[in-house]
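Q: what would the 3D arrangement of this be:
(one chain, ligands or ions: 1)
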Amino acid sequence: MPTSSTVKIAGASALAAAMLAAVSRPRAVGRLVRGIVTRAAGGPVYTPLPPPQKVKVALCQLHVTADKEQNLKTARKAIEDAAAAGAKLVVLPEMFNCPYSNDSFPTYAEDIEGGASGSVAALSAAAAAARVTLVAGSIPERCQGKLYNTCCVFDTSGKLLAKHRKVHLFDIDIPGKITFKESLTLSPGPGPTVVDTEAGRLGIGICYDIRFPELAQIYAARGCQVLIYPGAFNMTTGPVHWELLAKARAVDNQVFVLTCSPARNPDSSYQAWGHSTAVGPFAEVLATTEHSPATVTAELDYSQLPERRAAMPLRQQKRHDLYLLLDKTAP
Ligand SMILES: NC(=O)CCC(=O)C(=O)O
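A: Below you'll find the model as predicted:
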């Protein structure tokens, strides 16, 4: 059925109809982050273009020390090298600018919201210089008297696109093996973080967040193509769970999953498992490494997503009459 406005156009003279069409047809007036800005009656409208079909990613498994400036230099060099090798999406590790410890978080914490963060300025400059989308691992953030474990995402011009505060804090006690309680110093973040970038729609989690399938399901339901988890698993759980969890989140949701860890540092009080890994939507390991400093690269081919989903239509086969994913933070 034609709408009333279509009927009006059809009934107008040819000249009037042509003039009306010219006014109402969106005119491209500029480009912004692979999007088109059009003028419409209500003001400019930004329509993102679909991301490229294939995206080269780099997971920078960095050597992290107690020297923040040195850590930022190491990160910048890794970002530059990754871009020179063709990466368009670069990922850094969890807590890459400080040692992973409750003693360090308050000392190294920075004010991101107020724009006073030296790390954020350095990361923004690095993303802009390298022209990459940067998922900048995480740093300790101080905001209104609280501390968070926070991941900043920058676009290719260095603009801060989004910030994810770790939602699930790492509080575990495996007797004789590992006890860690992030909640001694950190507060949990408010919820999921979905970011539209030139490299695709990203869902962000930090380390322990990967253990919670519901968060990944929310990201899949909101159309994320890639789930990205900067993380620092430990020597007890890492060998058994790190890759398993990345594969599980990928295969359950038929998405790409990227994990990025600090390299293992013998001088550190916390020994990270390393093994930064890229996983495809069929749970296939696309690229991985051991525990030394390294950059893992992989090509994500987004055309695989509809193919995998058509071949195994899990999304259509869900029994919503039996269970329900309740996204309490849905926009
Ligand atoms: N930094 C973390 O959240 C560590 C998570 C971890 O090691 C685990 O087993 O989970």
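
Q: which positions in the stretch 1-150 of the chain make contact with the ligand?
A: Taking Cβ under 6 Å from any ligand atom as the contact definition, the stretch 1-150 of the chain meets the ligand at residue 94. Yep, even glycine has a C-beta here, placed from its N, CA and C like the rest.

Q: mind redoing it with 8 Å?
A: 94, 95, 100, 149 (Cβ under 8 Å from any ligand atom).

Q: okay, the residues you listed in CSV with secondary structure, pLDDT and neighbour count next?
A: Output for these, formatted as CSV (DSSP: H, G, I helix; E, B strand; the rest coil; pLDDT from 0 to 100; neighbours: other Cβ atoms under 10 Å):
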residue, secondary structure, pLDDT, neighbour count
94, coil, 98, 26
95, coil, 98, 28
100, coil, 98, 26
149, strand, 98, 30
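
Q: quick check: phi and psi at residue 280.
A: Here is the backbone geometry of residue 280 (degrees, to the nearest 10): phi -90, psi 170.

Q: ok, for residue 263, nearest residue in space, not its chain neighbours?
A: In space, and not counting its chain neighbours, residue 263 is closest to residue 293: 4.2 Å by Cβ to Cβ, 6 or more residues apart in numbering.

Q: the one you found against residue 64, yeah?
A: No: Residue 293 sits out of contact with residue 64 when judged by Cβ atoms under 8 Å, with a separation of 9.4 Å.

Q: looking at the two, which one has more neighbours?
A: Per other Cβ atoms under 10 Å, whichever of residue 293 and residue 64 has more neighbours is residue 64, with 31 against 17.

Q: how much space separates the residue lying closest to that one once chain neighbours are set aside from residue 122?
A: Spatially, and ignoring its direct neighbours in sequence, residue 64 is nearest to residue 262 (4.5 Å; Cβ to Cβ, 6+ apart). Going from residue 262 to residue 122 by Cβ to Cβ, to the nearest Å gives 17 Å.

Q: returning to what we had before: got a list of what the residue nearest to residue 263 touches?
A: The contact partners of residue 293, by Cβ atoms under 8 Å, 6 or more residues apart in numbering, come to 61, 62, 63, 263.

Q: rerun at 6 Å
A: Residues in contact with residue 293 (Cβ atoms under 6 Å, 6 or more residues apart in numbering) are 61, 63, 263.

Q: likewise for residue 144?
A: Counting by Cβ under 6 Å, 6+ apart, there are no residues that residue 144 touches.

Q: phi first, then psi, for it.
A: The phi and psi torsions at residue 144 (degrees, to the nearest 10) take the values phi 50, psi 50.

Q: check residue 285 too.
A: Main-chain dihedrals, residue 285, degrees, to the nearest 10: phi -80, psi 120.

Q: what do you get for the one 4 residues further on?
A: Torsion angles at residue 289 (phi, psi; degrees, to the nearest 10) stand at phi -150, psi -180.

Q: didn't residue 327 look like it was pressed against residue 218?
A: Yes: between residue 327 and residue 218 there is a contact at 5.0 Å, judged by Cβ atoms under 6 Å.

Q: who has more neighbours, those two?
A: Legend: neighbour count by other Cβ under 10 Å for residue 327 and residue 218, higher for residue 218 (22 against 16).

Q: pLDDT averaged over the helix or strand the more buried one falls within - what is it?
A: Using DSSP states H and E, residue 218 falls within helix 213-221. For helix 213-221, mean pLDDT rounds to 97.

Q: show me which residues of that helix are buried.
A: Neighbour counts over helix 213-221 (16 or more other Cβ atoms under 10 Å) mark 215, 216, 217, 218, 219, 220 as buried.

Q: same question, stretch 58-72
A: Buried residues in stretch 58-72, defined by neighbour count with 16+ other Cβ under 10 Å: 58, 59, 60, 61, 62, 63, 64, 65, 68, 71, 72.
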